[in-house]
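Colleague: Sequence and predicted structure below; questions after.
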Amino acid sequence: MVVGLREFAHRTGNGSGTPVLDESNGEELMRVQPSVAVALGNRSLESPGTLYITSRKLIWLSDVDMAKGYAVDFLSISLHAVSRDPEAYSSPCIYTQIEVEDDEDEEDESDTQSTGALDLSKIREMRLVPSDSTHLDTLFDVFCECAELNPEPIERKDTTLLLSFNAIFLLHSRFIVSFSSSEEEEGEHNWVFSADQMVVGGGGNASFYTLRPILRFDYHHG
Amino acid sequence: MLFFSYFKDLVGQEVTVELKNDLAIRGTLHSVDQYLNIKLENTRVVDQDKFPHMLSVRNCFIRGSVVRYVQLPPDGVDVDLLHDAARREARGA
């Protein structure tokens, strides 16, 4: 599985057709949307192109440059939304955030200043602008469906997906619940705390209580 | 499936979702699924410095695996109920 955005140029036929999918692994084409422009990060819109939504990933292929195309797995799409706010972006579009390989926190995408090669793997935002904005809601729904088809893979040795959570009480008396895939936090266990186990930690400005764990909550998916 | 059930009961409430990349998004909880993917309505970004162009989007889908926290309204939480449910689930499931 590739994290983040990448180039994609595998087309059928003599390179002028639709994208080649990983059918042997069950990848299916869910929707084809012609006349979609794409804007990566802060870059300008690229068009004309066609958006292919498969059960595994998004593919955008240029209609004029047969060697140009981009793909990103749904596993890497952190969020997607319909953006209609002209202050946010000039055209109504599907806004997506893409997870990147966790390196150093990058302030800007690597391309903004230089004319050098664009590093797609650092792109964190992508907008898809259909020429006909009435398609946006349908596209949003298809994105949701496909995201749901791509939950976190089960990779642990004991083959259970541990979804654990922890509860933290803040001084401001807002109850915050956090849950995370424990694949992200190797070696960290998330514990449930009880209010009667709380001990104030730290000095005057401490916002967190030091909590004694009373039970560990894991639940197994599938 | 504890949190799935729990969040389903919170549909319609204002929540703030903080992602692992530090982005915080506020909105009305529209729905949640078994993977704790979250759909929000009337969303707006809490801290606009990091992702200024996101501003306000009407509907938003957030992948469960990228969520760090979900901030709930204080009166939307029955701590004892949650506590008991967690205990039961850990014991029984």
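Modeller: The structure has been received and is ready for your questions. Numbering: from 1, shown residues only, chains lettered A, B, ... in the order given.

Colleague: Verify the contact between A:Ile123 and A:Gly4 for me.
Modeller: Yes - using C-beta atoms under 8 Å, A:Ile123 is in contact with A:Gly4, at 7.1 Å. (Glycine included, C-beta is placed from N, CA and C.)

Colleague: Mutual contacts of these two, please.
Modeller: Counting by C-beta atoms under 8 Å, 6 or more residues apart in numbering or on different chains, the residues touching both A:Ile123 and A:Gly4 are A:98, A:100.

Colleague: Compare these two and say which one has the larger neighbour count.
Modeller: Neighbours were counted for A:Ile123 and for A:Gly4 using other C-beta atoms under 10 Å in any protein chain shown; A:Ile123 has more, 23 against 17.

Colleague: pLDDT value on the more buried one, please?
Modeller: What the model reports for A:Ile123 is a pLDDT of 95.

Colleague: For the spatially most central residue of chain B, list each beta-bridge partner.
Modeller: The residue lying closest to the centre of chain B (C-alpha atoms, centre = their mean) is B:Val70, at 4.1 Å. Beta-bridge partners for B:Val70, by DSSP bridges, are A:Val177, B:Val17.

Colleague: Return the per-residue confidence for it.
Modeller: B:Val70 is given a pLDDT of 92.

Colleague: Low-confidence regions, the chain specifically.
Modeller: In the absence of a named chain, this looks at chain A. Low-confidence regions of chain A, defined by pLDDT under 70, span residues A:14-16, A:103-117, A:155-222.

Colleague: Switch to chain B, please.
Modeller: In chain B (pLDDT under 70), the answer is B:48, B:50-55, B:93.

Colleague: By residue count, which helix of it is the longest?
Modeller: helix B:79-92 (DSSP state H).

Colleague: Give the buried residues for it.
Modeller: The neighbour-count check on helix B:79-92 (16 or more other C-beta atoms under 10 Å in any protein chain shown) flags B:82-83, B:86, B:89 as buried.

Colleague: cool, stretch B:57-74 as well?
Modeller: Buried positions in stretch B:57-74, judged by neighbour count with 16+ other C-beta under 10 Å: B:57-72.

Colleague: Stretch A:45-53 now?
Modeller: A:45-47, A:49-53.

Colleague: Kindly report the same for stretch A:10-28.
Modeller: A:11, A:19, A:21.

Colleague: Phi first, then psi, for the second one.
Modeller: The phi/psi pair for A:Pro19 (degrees, to the nearest 10) reads phi -70, psi 150.

Colleague: What residues does it make contact with?
Modeller: Taking C-beta under 8 Å, 6+ apart as the test, what A:Pro19 contacts is A:8, A:10-12, A:52, A:54, A:59, A:61, A:69, A:71.

Colleague: Distance check, it against chain B.
Modeller: 23 Å (C-beta to the nearest C-beta, to the nearest Å).

Colleague: With A:Leu21 instead?
Modeller: In terms of C-beta to the nearest C-beta, A:Leu21 sits 22 Å off from chain B.

Colleague: And the strands in chain B?
Modeller: B:14-19, B:24-32, B:38-45, B:56-62, B:67-71 (DSSP state E).

Colleague: what does chain A give?
Modeller: Listed in chain order, the strands of chain A (DSSP E) span A:5-7, A:29-33, A:36-40, A:49-54, A:57-62, A:69-73, A:77-83, A:93-98, A:125-130, A:162-169, A:175-181, A:191-200, A:209-216, A:218-220.

Colleague: Quick check, A:Gly69 in contact with A:Ser62.
Modeller: Yes - A:Gly69 is in contact with A:Ser62 according to C-beta under 8 Å; the separation is 6.3 Å.
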